[in-house]
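Q: This is the structure alone, sequence omitted:
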């Protein structure tokens, strides 16, 4: 993956591609990833000195990661740092205090969401909205953390404007998927896309004629069992303390889908939603 799109986070590109670079180019990558802020105002000569390489190597490194030159790299670096700390700086340490943990988790979440946003197939997203607008009912399926996403999606039924269900129990999933029909949509949610049970649920739903939308965190076997797949890829992170990134990204996509569907409903439905919100406001203390 190279920096062929201006919106891609250059630090994540350096991180992902560093192992494939030449040995001398990799030394530049390692120096930058170790302290990216140090290079915001550095010249080519200073960068070469810090990385212990020649100046032509710095220029070659910029080209190797897809930048149009050293100045282009520095501009992209400044944009990336504005988004937050790269993934390489996100791993929590035993010595980290609450303030450092706060900074790392917020920075990593912002960076990871930006990463996901730039990779989602908007054509697939539009196709999924078309299916949801045409559906007479929607069932969301997921296990574990994906089940939480399914339950959140079900709570957005006023925006979808049709009956919605969320199934997180294996038996309930089989019963519900088996009884779906051609006018319904099943949304199967899985970060790994490899859980055998959720693949079976997708097949059961498709067998009834229902259309299946997959919200999946990575290329995986589940994709072949869906009519539409929305890949929601987030940054890999070996830190066991911050496992919510994929869930936050999936919840954001659910927000996008429900909002897009609501905006295509007729004015009467939007008026009903407005009335519903007023009733909720009436429950609050003055």
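A: Yep, that arrived. Note that the structure is predicted; figures quoted are calculated from it, not measured. Residues are numbered from 1 along each chain as shown.

Q: only C-alpha atoms for contact and neighbour calcs from this point on.
A: OK.

Q: Now do the same for residue 74: its pLDDT.
A: On pLDDT, residue 74 comes in at 89.

Q: actually residue 5, not the one I typed
A: pLDDT at residue 5 comes out at 54.

Q: Please apply the same query to residue 78.
A: Looking at residue 78, its pLDDT stands at 83.

Q: Is it in contact with residue 41, as I believe?
A: No - look at residue 78 against residue 41 with CA atoms under 8 Å: they stay out of range, at 9.8 Å.

Q: Help me confirm that residue 220 comes into contact with residue 194.
A: Yes - checked against CA under 8 Å, the pair residue 220 and residue 194 is within contact range at 6.1 Å.

Q: Looking at residue 78 and residue 41, which one has more neighbours?
A: Taking other CA atoms under 10 Å, residue 78 and residue 41 do not tie; residue 78 has more neighbours (19 against 11).

Q: If we ignore the residues flanking it in sequence, what's nearest the more buried one?
A: Distance criterion CA to CA, 6 or more residues apart in numbering; nearest residue to residue 78, sequence neighbours excluded, is residue 40 at 6.6 Å.

Q: residue contacts, the one you found?
A: For residue 40, the contact set (CA atoms under 8 Å, 6 or more residues apart in numbering) comprises 74, 77, 78.

Q: Among these, which ones are in strands?
A: Counting by DSSP state E, the contacts of residue 40 place none of their members in strands.

Q: could these go into a markdown table alongside distance to residue 142?
A: Output for those, formatted as a markdown table (distance: CA to CA, whole Å):
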| residue | distance to residue 142 |
| --- | --- |
| 74 | 42 |
| 77 | 38 |
| 78 | 39 |
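
Q: So which of the residues you listed is the closest to residue 190?
A: For the contacts of residue 40, the residue nearest residue 190 by CA to CA is residue 77; the value is 32.7 Å.

Q: tell me which residues in the helix or strand hosting residue 250 are buried?
A: Using DSSP states H and E, residue 250 maps to helix 245-264. Across helix 245-264, burial judged by 16 or more other CA atoms under 10 Å covers 245-255, 257-258, 260-262.

Q: Ok, stretch 216-230 next?
A: 216, 217, 218, 219, 222, 223, 225, 226, 227, 228, 229, 230.

Q: Between the two ends of that stretch, how far is it?
A: Terminal residues of stretch 216-230 are spaced 6 Å apart (CA to CA, to the nearest Å).

Q: mind listing the helices in the stretch 101-250 of the chain by residue range?
A: Ranges of helices within the stretch 101-250 of the chain are 122-134, 144-154, 157-160, 170-178, 196-207, 245-264, based on DSSP state H, counting those that start in this stretch.

Q: so which of the ones you listed gets nearest residue 54?
A: Short answer: helix 245-264, nearest of the helices of the stretch 101-250 of the chain by CA to CA, at 38.7 Å.

Q: orientation of the closest one relative to helix 144-154 in degrees?
A: If you take axes from the mean of the first three to the mean of the last three CA atoms, to 10 degrees, helix 245-264 sits at 20 degrees to helix 144-154.

Q: what's helix 245-264 packed up against?
A: Counting contacts by 3 or more CA pairs under 8 Å, 6 or more residues apart in numbering; DSSP states H and E, helix 245-264 packs against helix 98-117, helix 122-134, helix 144-154, helix 157-160.
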